[in-house]
Every structure is written in C-alpha cells, then in structure tokens.
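got a predicted structure plus its sequence, pasted below:
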Amino acid sequence: MIFRHMTRKHLLLATALTLGLLPMTARAESAYGAYLAAWVASSSSDYAGSVDWATRALAGDPANPALLEDLVLSNVGVGDLPRAATYAKALLDSGSKSQTAVVVQLAESAKTGDFEAILKLGSNGTSAGAVLDTLAKAWAKLGLGRMSDALADFDKLSKTKGLEAFGLYHKALALASAGDYEGADNILSGRAAGTLAVNRRGAVAQIEVLSQLERNADAIAFIDRSFVPGRDLQIDDMRRRLVAGEPLPFTVAHNATDGIAEVFYTIATAVNNEAVPPYTMLHSRAAAYLRPDNTEAILLTANLLEKQNQFDLAVAAYATIQPSDPAFYIAEIGRADATYAAGRADESLSILQALARSHGSQISVQIALADGLRRAQNFTEAKQAYDSAIAMLPNPARPESWPLFYSRGVCLERLGDFASADTDLRQALALNPDEPQVLNYLGYSLVDRGQKLDEALGMIQRAVAARPDNGAILDSLAWAYFRLGRYEDALVPMEQASLLMAVDATVTDHLGDVYWAVGRKREADYQWRRALSFTPEEKDATRIRQKLELGLDAVLAAEGEPPIKPADVQNGN
C-alpha cells in the first residue's frame, strides 16, 4: 500500500467513493475525492482506475510523492512503461529513493541504450535491488565495450554465497552474445562450476549455444532429456531444425539491452510465488518492454494480473502474443480463462472454439474447449471434445489421465447415460483411488439414483475424511444418510454444509428436506423458501414450490418414492 497516514474519516470517504454512495458533484467537490479514489484503486490493484484517479489528483498536487509513486506502479500495471518512466524521473528528481522508480528508470535507460546512466545507479543512494544493480551494471559495461569489466562483475557475483547461479548464468549469456560459445557452453554444461539450474529460457540458450558450436546431435540429446515431445511447440520446432542440420542462431541475448531484459526476467522468476504480485510484475513487465518477443515474460505478467483479479488487463496481455508465436495457443487458453473470469462466458467460449479450429491437434486445446463447453452446460459437445482429448493420450492408463475420464464422466452423467458415466468415473478412480472429487461425484451420483447406497456412502465418507471442510462433500454425505433413511445422522453434516455454502440452492433445499424428515417442518419451510431465493434451476424451483404447498411426503408419493419414516426424535415443531 503506498498511500499512508489515512484517517478513519478518509477511509470512510474512500469506501463511499468506491461504492458509488456519493453523487458526482460531491465527488468533484470533495477535497480528498480524487486522492482517496486513487488510494482505493491502488489498494485493490485496480491499475487502470489508479491511473485515472491519481492523474486527476496530481493535477492539484504535482509534487506529491505518494501520487507519483502510485502513477509509476499503476502505469506499469497497465503496461505503459514510457509513461511510468516519466513519473519515475519526476519522483527521483524530487529526492525520493523509490525502488520502484529506480527499476523503471533502469528499464528506460536500457531501452534507449543509455548505459552511462545505468552505471550511475546508486550514486545518490538509490537502488533497484542488490542483484539487479550488479547484473544491470555488468551488462551496461558490456554495452559500452568494457567486456573485461563486465566479466569481472559477473565473476564477483558468482562467488557470492547464494547468488552463484545469477552471476554464472548471465556471464554465459554475455559470452554467447559476444560470440564466445565455448566459454558459454563451459558454464551452461556445468564444467566450469558444477551443475547450473536454469529456467526454460536458459535451456533454450544452451540448445542454441550447442548448435552454434556445430554440435546439433548434443543439442538434440539435451532436448530429448529435458522436454516431452508435443508439449512445447517451439522446442519441437528447434529439434526439427536441428535434425535437418540447420544451425540455430543465438537469440536469448543479442546485446546489452537484451541482457538487461534477461536480468529483469531472471529476477521475476526468482521471486515469483514469494514476493507480492505487483513486485514480480514490475520486473516481468520491464523484461517484456525491453524484449517484446519474450513470450515467457508476457505469460508471467498475464498470470500475475489474474492473481490480482485484473482480468481485462490479463486479457490484453495475452492478446499481445501473435498467432505466429509457438506459444500462441497457450496464450489463447489463458485469454479465454481470463475472459471467463471477467464475466464474459460467451466470448470466452468463442475464443476456445476458434482456437480449436486452428490448433485442434494440441491436446491442451481440446481439454480447454471441453472444459469451456462443460461450463456452458453444452454436455454433448463437451463429451465429444473430451473424446478427442482422450484419443490423443499416448497412454490413457497413466495416473495423471484421471481428470479427463472424470470430466467426461460428469458430462455423461448430466446427459443421462449413467452406465457410461459410471464406467468413466470408476476409471478415474482406478487411476487415482483417493481423489476426493471423484469419490464424491460418483458416490453422490449413486445416492441420487438410489443405487448401491452402502458403496456410495463408503466413497463419500472417504471423501469427507480427505476434505472435512468441503461443503459440497458434506452435502453428499448428508444426502447419502438421508437416502438411507438415517435422518438424524444426516442432520449435522447437512447443517455444516449449509454453513459452508450458505447461498447454494441445492444445499439449502436438502437442508429443508432433512429438517422435514426429523420433524422440524417450520424450519423446513423456511429453508425451502431460502432455496428459492437463490435462483435454482426451474425444474428444482418447481419441486420446491410443490413441497411448500403440499409437503415433502406428498411430493415423494407423487414421484413414486417411499415415504419418510417417522423420525426417532421429534423436536416439537
């Protein structure tokens, strides 16, 4: 949070602004209006809103450091690095030592090739972070033709405990960028200082270095050891070219600017899942700014935006990856997921359908399409897409194949093909015997049909043991007891499920049935009315209305079901 010293009055006004509780005139006339709205937007990672409100607030207070800092980070968030750099310069010129501003200024200096400015980093006490400072300066020296000094800096870092890999990896890239592929291979192979753990881009660098050394066979062997065929189209294409005898150019870092881009990406991947998303994204955005073809940096940025619920910005990030990029289908799946999360389900499905037409040979595309169709309750087409995905499995008997059989089983069950559904669900269970999701779904399906109730109860009890705080599984357990006529046993798990899923129509409806069965009929009526308020499917709503009018016993009799047994304990209702 970058806005500080907020009073309770400020917070209340900010909340009112956010919820739209103040009229526009009041917002405009409020002395704090734009400032507080910017604070609220910044606090919720609403980068676009923060840019808007902080820009307005800055017009009345041009030197406000909190607003300038917010505009640096929020412009990074929306992907406008040049504008972020403008505010970063103003912030640093004011005497601030903002690390965020230093990172952005460093990226801008690298973009324009101003390596002297990078070497001055820290002269006024500012820092982009110790590792970033060191690596960026080393690459800047290389950019100024001072190769020996650059290598000395990399060597110094590689001798720092805990930071060895950073120095060694970037020294290898620097050597390769200067054409010293032997030196680069000496490091990447582990001969220089032991095994060097690298990310995917590091693996690409090693493949390209081996090819430049006319060692295509070794590069192919490295690929075969490190990658699964068909999972990474770029790697597959590299292998094809290597087999054809084609020399692969070194592309990971052509020059010093590219090298600094790799530094940003290195930092982003190193802190991902440890630092807060905005900090990681600051570095991934900078990496993609300097290298717009760094697909991994773009995908990481989009993922970070999704984590912050900035789905429209994530959609925009995914959309920058072009159809010619081997990772295009991965980006499109991500774009579809972010679009769905943004509340545009039809548009999300359209993206997946278009992708299936262009990249339908990829199993991940078929799975994404099937999942999208299942979300849309188009179970017939979803089942067909799962058929295609399962047909693409190299070995359907592998344990990791269980989700496909489970998902297809769900579609079949919803289509009323219970025999086929049970076959798929039992296949999923055979591949992953303790998976609570499968145990619960198959158990509930059997309970709902009144079949194999003892076996179904056992499955659900195993699921509850694995996920005791899962409301849906507790509902299944209660419903199994209910169908077995064990109404008192059903009461506690049903009430627990209702607490965990307080606005779920099905769970609330079931709670009403259990209350009726144990003699608490007024409470049953109340729960059924609540269930109707949660907009259940129309067929369920019709049945609930019948229960309210006639009672559960009459509804069961009309359906040909056995009556509710008298409860062992009446509760005076």
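All right, it came through fine. These numbers were taken from a predicted model, which means no experiment stands behind them. Numbers count the residues shown, from 1 in each chain.

need the helix or strand of the chain with the lowest average pLDDT.
Sorting the helices and strands of the chain by mean pLDDT, DSSP states H and E puts helix 24-29 at the bottom, at a mean of 41.

what's the helix or strand following it packed up against?
Downstream of helix 24-29, the first helix or strand assigned by DSSP states H and E is helix 33-43. Identification of packing neighbours for helix 33-43 by 3 or more Cβ pairs under 8 Å, 6 or more residues apart in numbering; DSSP states H and E yields helix 8-18, helix 24-29, helix 47-60, helix 65-78. (C-beta placed from N, C-alpha, C; glycine too.)

what comes up buried for helix 33-43?
Buried residues in helix 33-43, counted by 16 or more other Cβ atoms under 10 Å: 33-42.

which one is S177 nearest to, not counting chain neighbours?
Nearest non-adjacent residue to S177, counting by Cβ to Cβ, 6 or more residues apart in numbering: A253, 4.8 Å away.

burial count for the one you found?
25 (other Cβ atoms under 10 Å).

got the domain boundaries for this protein?
What the record gives for the chain is the domain set 1-96, 105-271, 470-573, from automatic domain parsing.

give me the mean pLDDT for the second one.
Over the span of domain 105-271, the pLDDT mean works out to 94.

what about that domain, how long is it end to end?
20 Å (Cα to Cα, to the nearest Å).

which residues in the stretch 401-550 of the chain form helices?
Using DSSP state H, counting those that start in this stretch, the helices of the stretch 401-550 of the chain run over residues 402-414, 418-431, 436-449, 453-466, 471-483, 487-500, 505-517, 521-533, 538-550.

switch these over to a markdown table; also include mean pLDDT.
Listed next are those as a markdown table, based on pLDDT from 0 to 100:
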| stretch | mean pLDDT |
| --- | --- |
| helix 402-414 | 97 |
| helix 418-431 | 97 |
| helix 436-449 | 94 |
| helix 453-466 | 94 |
| helix 471-483 | 94 |
| helix 487-500 | 96 |
| helix 505-517 | 96 |
| helix 521-533 | 97 |
| helix 538-550 | 96 |
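
would you list the ones you listed in CSV and tack on mean neighbour count?
Listed next are the helices of the stretch 401-550 of the chain as CSV, based on neighbours: other Cβ atoms under 10 Å:
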stretch, mean neighbour count
helix 402-414, 23
helix 418-431, 19
helix 436-449, 22
helix 453-466, 18
helix 471-483, 24
helix 487-500, 20
helix 505-517, 24
helix 521-533, 18
helix 538-550, 14
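
make TSV from those and add distance to A314 to it.
Listed next are those as TSV, based on distance: least, Cβ to Cβ, whole Å:
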stretch	distance to A314
helix 402-414	24
helix 418-431	31
helix 436-449	26
helix 453-466	32
helix 471-483	28
helix 487-500	29
helix 505-517	31
helix 521-533	33
helix 538-550	35
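
sorry, back to before: list just the nearest of the buried residues of helix 33-43 to L550.
Using Cβ to Cβ, V40 comes nearest to L550 of the buried residues of helix 33-43, at 50.9 Å.

ok, that closest one to A524 distance?
Look at V40 and A524: by Cβ to Cβ, to the nearest Å, they are 43 Å apart.

same question, Y386
39 Å.

ditto for P394
53 Å.

could you dump the domains of the chain into TSV with distance to D371 added?
Output for the domains of the chain, formatted as TSV (distance: least, Cβ to Cβ, whole Å):
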stretch	distance to D371
domain 1-96	27
domain 105-271	18
domain 470-573	18
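
which residues does the closest residue to A57 other than its chain neighbours contact?
Excluding its sequence neighbours, the residue lying closest to A57 (Cβ to Cβ, 6+ apart) is A34, at 3.9 Å. By Cβ atoms under 8 Å, 6 or more residues apart in numbering, A34 lies in contact with 53-54, 56-57, 60.

filter those residues to the buried ones?
Using 16+ other Cβ under 10 Å, the buried ones in those are 53-54, 56-57.

which among these gets closest to R357?
Distances from R357 to the buried ones among the contacts of A34, taken by Cβ to Cβ, are shortest for W53, at 41.8 Å.

list the residues that contact the closest one.
Counted by Cβ under 8 Å, 6+ apart, W53 has contacts 34-35, 37-38, 41.

got those residues as CSV, with pLDDT and distance to L242 columns?
Shown next, in CSV, are these (pLDDT from 0 to 100; distance: Cβ to Cβ, whole Å):
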residue, pLDDT, distance to L242
A34, 79, 57
Y35, 76, 58
A37, 82, 55
A38, 80, 52
A41, 81, 49
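
nearest to Q496, of those?
A41 (38.2 Å).

switch the buried residues of helix 33-43 over to JSON lines; also include distance to K452.
As requested, the buried residues of helix 33-43 are exported to JSON lines (distance: Cβ to Cβ, whole Å):
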{"residue": "G33", "distance to K452": "64"}
{"residue": "A34", "distance to K452": "64"}
{"residue": "Y35", "distance to K452": "64"}
{"residue": "L36", "distance to K452": "60"}
{"residue": "A37", "distance to K452": "59"}
{"residue": "A38", "distance to K452": "60"}
{"residue": "W39", "distance to K452": "58"}
{"residue": "V40", "distance to K452": "54"}
{"residue": "A41", "distance to K452": "54"}
{"residue": "S42", "distance to K452": "56"}
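
contacting residues around stretch 398-413?
367, 370-371, 374, 379-380, 382-383, 386-387, 389-390, 393, 395, 418, 420-425, 427-429, 431-432, 435, 437-438, 441-442, 445.

if we use 7 Å, what do you get?
For stretch 398-413, the surrounding residues in contact (Cβ atoms under 7 Å, 6 or more residues apart in numbering) are 370, 374, 379, 382-383, 386, 389-390, 393, 420-421, 424-425, 427-428, 431-432, 435, 437-438, 441, 445.

check stretch 246-264 too.
107, 110-111, 113, 115, 132, 135-136, 139-140, 142-143, 170, 173-174, 176-177, 201, 204-205, 207-209, 211-212, 238, 241-242, 283, 286-287, 290-291, 294.

now it - C-alpha only, CSV.
Provided in CSV are the C-alpha atoms of stretch 246-264 (Å, rounded to 0.1, in the frame of the first residue of the first chain):
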residue,chain,number,x,y,z
GLU,A,246,20.2,-26.3,-39.6
PRO,A,247,22.4,-24.1,-37.3
LEU,A,248,20.3,-22.3,-34.7
PRO,A,249,21.2,-18.6,-34.1
PHE,A,250,21.8,-17.4,-30.6
THR,A,251,18.7,-15.4,-29.8
VAL,A,252,18.4,-15.2,-26.0
ALA,A,253,20.6,-12.1,-25.7
HIS,A,254,21.9,-10.3,-28.8
ASN,A,255,23.3,-7.3,-26.9
ALA,A,256,23.4,-5.5,-23.6
THR,A,257,19.8,-4.3,-23.8
ASP,A,258,18.7,-7.9,-24.3
GLY,A,259,20.9,-8.9,-21.4
ILE,A,260,19.3,-6.5,-19.1
ALA,A,261,15.9,-7.7,-20.2
GLU,A,262,17.0,-11.2,-19.2
VAL,A,263,18.1,-9.8,-15.8
PHE,A,264,14.6,-8.5,-15.2
